[in-house]
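Asks: structure of the sequence below:
(2 chains)
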Amino acid sequence: MSIFINKKTKVLVQGITGRDGSFHATQMKDYGANVVGGVTPGKGGTKVADIPVFNTMEEAVSKTGANTSVVYVPPAFAVDAIYEAVDAGIKLVVCITEGIPANDMMKVYPYVKAKGARLIGPNSPGLISPDESKVGIMPGTIVKKGHVGVVSRSGTLTYEAIWALTQAGLGQTTCIGIGGDQVIGTNFIDCLEAFEKDQATKAVVMIGEIGGSDEEIAAEYIKKNLSKPVVAFIAGQTAPPGKRMGHAGAIISGGSGTAAEKIAALNKVGVPVAGSPTEIPAVLKELMAKAGKKAAGTVKKAAKAATKKTATKAKVKKTTAKAAAKKKSSAKKTALKRKKKQ
Amino acid sequence: MKIHEYQAKQIFAEGGIPVPPGDMATTSLEAVAIAEKVGKPVMVKAQVHVGGRGKAGGIKYAENAEAAKVLAQTILGMDIKGLTVKKVLVTAAEDIITESYVGIILDRATKQPVIMVSPAGGVDIEEVAAKTPEKIFKLYVDPVLGLKSYQARNLAYKLYRDINQVRQATDIIMKLYDVFWKVDASLAEINPLITNPSGEVIALDAKINIDDNGLFRQREVAAMRDLDAEEPSELQAREADLSYVKLDGNIGCIVNGAGLAMATMDLVKRYGGEPANFLDIGGSSSPQKVVTAMNIILSDSNVEAILINIFGGITRCDDVANGIVEAFKQFKPSVPVVVRLTGTNEQKAADILRSINLPYADTLDNVVKKAIELAGME
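Replies: A predicted model of the protein is given here:
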């Protein structure tokens, strides 16, 4: 199982004839994703690697029944592409584009939500569910099917972590990049909620970085709602304040959004933070072993309690039976006495 | 992108927000001319991208044009927190009766602009937030519906009682909100917003931070970038479309991906080195980018070794390796370089690099350790 995408996902590639669009459409298809079409205005009727191209999302959705789209469109046009997708009925839009103005995103987000759709990104590598589907640019060669959910704000840092997990035998259910921008369509808690509900996911790896408070908000959520073990890694401990570290969202402003604060917030709710991405598997294995022991302990405890309960019940039954018997015999005695009197 | 006070005030003025008359000067003669034009006492204010200008002696009162000249001479060329003052704003001095704070900032958690006002103006708003948060009033604005008059008025009533001033403040708040959207700001702030003896409400200071992602559609604002105020290497990097931040350490880093670049820097520190920079070379394997990146890093004399950390993913490692070989043909680095390439065709890549005797590491940890080792050997 997986979150957000699976074998049934039908993807349209917006911007399919561009350099990135055409390259990644082919990569997605080669991985086994069901890429049913693409859209580039003016190129309808053509094909990209056997994938039919349409002029509009409306036509593409009507002809293919797609439910998902991925946006490889430059910043000046990407927002329009997102609106076009949700208006055409797409329920999951994955936006790869980096450079969309934050003010535009503040307007896009409520619109997508009101339409009952989900936006992942922007500035996201997309997501991949091993052996099920891939929507975006995450390399299929590093993932392996398993039980760990991975959610991250980064691109290649995520690949580093996934590769470490795969090499350690810890396969993944879904790996999702939520993107490096300040205003994004899907946050950590949205993914954590989905991972909690996904029966195949047994543990979660969360990769954050400086800027904003998404990790702190996630920590609160984990405390209240997550039963599954979570391990984190936070990048940017050596980042200077006030400087944008590549990602629009990776900036320590007004003293807040530091890696130290995020690590503290996560540790506070019992989420261990690995010292480097390559240490994630070891930390996760340790945590899962502890959780397993705890669970086993809980089972043992429950069993013990159950036995005690049965014993107590039996005792109560005995006592009640004894008392009842006593009552009966005394009643008999009284009756006999009465009879005798008469 | 940051802009100076005088530029933010220009934008405010265009947006109908009252600011004191004045102009920017780069020489004391220019300062005199402006002071004469203003015709009354002026403030001479250093234009640098740091807070605490006043405390550092960069904001001074000048009774007349002659005084303005002297002060401009002193302040121009002054060092404030490591930045050299190259510009001053000469602006009419105002008698201050009250000082308030009004600011609009993008709130990431709610994905909305939040307007904050406080009667505690003229001081560091973060201190107010920390010590007396009850003095700050916030309003989250629906980005699609916009700011309603009554909402701005409610905020104005947190600052003033006099209806005349409430009306002025309401107008200023509405206009600040418009400015925020108009120039793709991530922050637009007036601190302090003052009242003068005539009862006028005026923006005495102005601060606007522009969302870098909005610059492509903000031609006028983009032109406001102060190239003098930037680190030359960071300027060079931006022109080459590289993401670069200069730091103080000795291990130069070239990495593909911002998150991975940050994690690599962190790992350098963890293993006992000091990162010299952040540099995200992005996804391509172009030799020119590698050369430019190395040039930029080597302009920093603190650098003793460079690590190149590429997680290939879909980018083919042998392409990157060839790019590096090409780069080395054009450019001989003066410090040791160690490369890590993981991903598609990594074996081929390793062979290519070995053929030019370039130190190669197979993992993230190893490339960091090797770079620190090589730096130590110099």
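Asks: OK, contacts around A:I252?
Replies: A:I210, A:G211, A:G236, A:A239, A:P240, A:P241, A:G242, A:K243, A:T258 (Cβ atoms under 8 Å, 6 or more residues apart in numbering or on different chains). From N, CA and C alone the C-beta is placed, and that goes for glycine too.
Asks: which residue is the nearest non-sequential neighbour of it?
Replies: Ranked by Cβ to Cβ, 6 or more residues apart in numbering or on different chains and with sequence neighbours excluded, the top spatial neighbour of A:I252 is A:P241, at 4.4 Å.
Asks: can you list the weak-confidence ranges in the stretch 151-300 of chain B?
Replies: B:284-285 (pLDDT under 70).
Asks: which residues of it fall in strands?
Replies: Listed in chain order, the strands of the stretch 151-300 of chain B (DSSP state E, counting those that start in this stretch) span B:185-195, B:201-203, B:207-210, B:243-246, B:251-255, B:277-280.
Asks: tell me the most buried of those strands?
Replies: Sort these by mean neighbour count, taking mean count of other Cβ atoms under 10 Å in any protein chain shown, and strand B:251-255 sits at the top with a mean of 29.
Asks: remind me which helix or strand A:H147 belongs to.
Replies: strand A:145-152 (DSSP states H and E).
Asks: contacting residues around that strand?
Replies: With Cβ under 8 Å, 6+ apart, strand A:145-152 has contacts from A:3, A:130-131, A:158, A:161-162, A:165, A:169-178, A:188, A:191-192, A:195, A:198, A:200-208, A:284, B:259.
Asks: filter those residues down to the buried ones.
Replies: With burial judged by 16 or more other Cβ atoms under 10 Å in any protein chain shown, the buried subset of those is A:3, A:130-131, A:158, A:161-162, A:165, A:170-178, A:188, A:191-192, A:195, A:198, A:200-208, A:284, B:259.
Asks: B:N250 contacts B:D300, correct?
Replies: No - contact status for B:N250 versus B:D300: not in contact, 9.2 Å apart, counting by Cβ atoms under 8 Å.
Asks: look at those two and report which has more neighbours.
Replies: Using other Cβ atoms under 10 Å in any protein chain shown as the criterion, B:N250 and B:D300 rank with B:N250 on top: 20 against 17.
Asks: quick one, what contacts the nearest residue to that one once chain neighbours are set aside?
Replies: Once flanking residues are discounted, B:N250 sits nearest to B:E304: 4.4 Å by Cβ to Cβ, 6+ apart. Neighbouring residues of B:E304 by Cβ under 8 Å, 6+ apart: B:N250, B:I251, B:V335, B:L374, B:A375, B:E378.
Asks: which stretches of the stretch 201-342 of chain A form strands?
Replies: Under DSSP E, counting those that start in this stretch, the stretch 201-342 of chain A gives strands at A:203-209, A:230-235.
Asks: shared neighbours of B:N250 and B:D300, anything?
Replies: B:A276.
Asks: end to end on stretch A:166-177, go ahead and measure it.
Replies: With Cα to Cα, to the nearest Å applied, stretch A:166-177 spans 17 Å between its terminal residues.
Asks: report the rounded mean pLDDT for that stretch.
Replies: Computed over stretch A:166-177, the mean pLDDT rounds to 98.
Asks: that stretch close to chain B?
Replies: No - using Cβ under 8 Å from any Cβ of the partner chain, stretch A:166-177 stays clear of chain B, with a minimum separation of 9.5 Å.
Asks: now that stretch: how far from the chain's centre is it?
Replies: The chain centroid and the centroid of stretch A:166-177 are separated by 12 Å under Cα atoms, centre = their mean, to the nearest Å.
Asks: could you count how many residues lie near the nearest residue to A:P101 once chain neighbours are set aside?
Replies: Excluding the flanking residues, the one nearest A:P101 by Cβ to Cβ, 6+ apart is B:G214, at 4.1 Å. Using other Cβ under 10 Å, the number of residues around B:G214 comes to 22.
Asks: repeat for A:G18
Replies: As a burial measure, A:G18 scores 18 neighbours (other Cβ under 10 Å).
Asks: got a list of what it touches?
Replies: A:T40, A:Y72, A:V73.
Asks: can I get the residues you listed in TSV with distance to A:V183 and pLDDT?
Replies: As requested, the contacts of A:G18 are arranged in TSV below (distance: Cβ to Cβ, whole Å; pLDDT from 0 to 100):
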residue	distance to A:V183	pLDDT
A:T40	27	98
A:Y72	20	96
A:V73	18	96
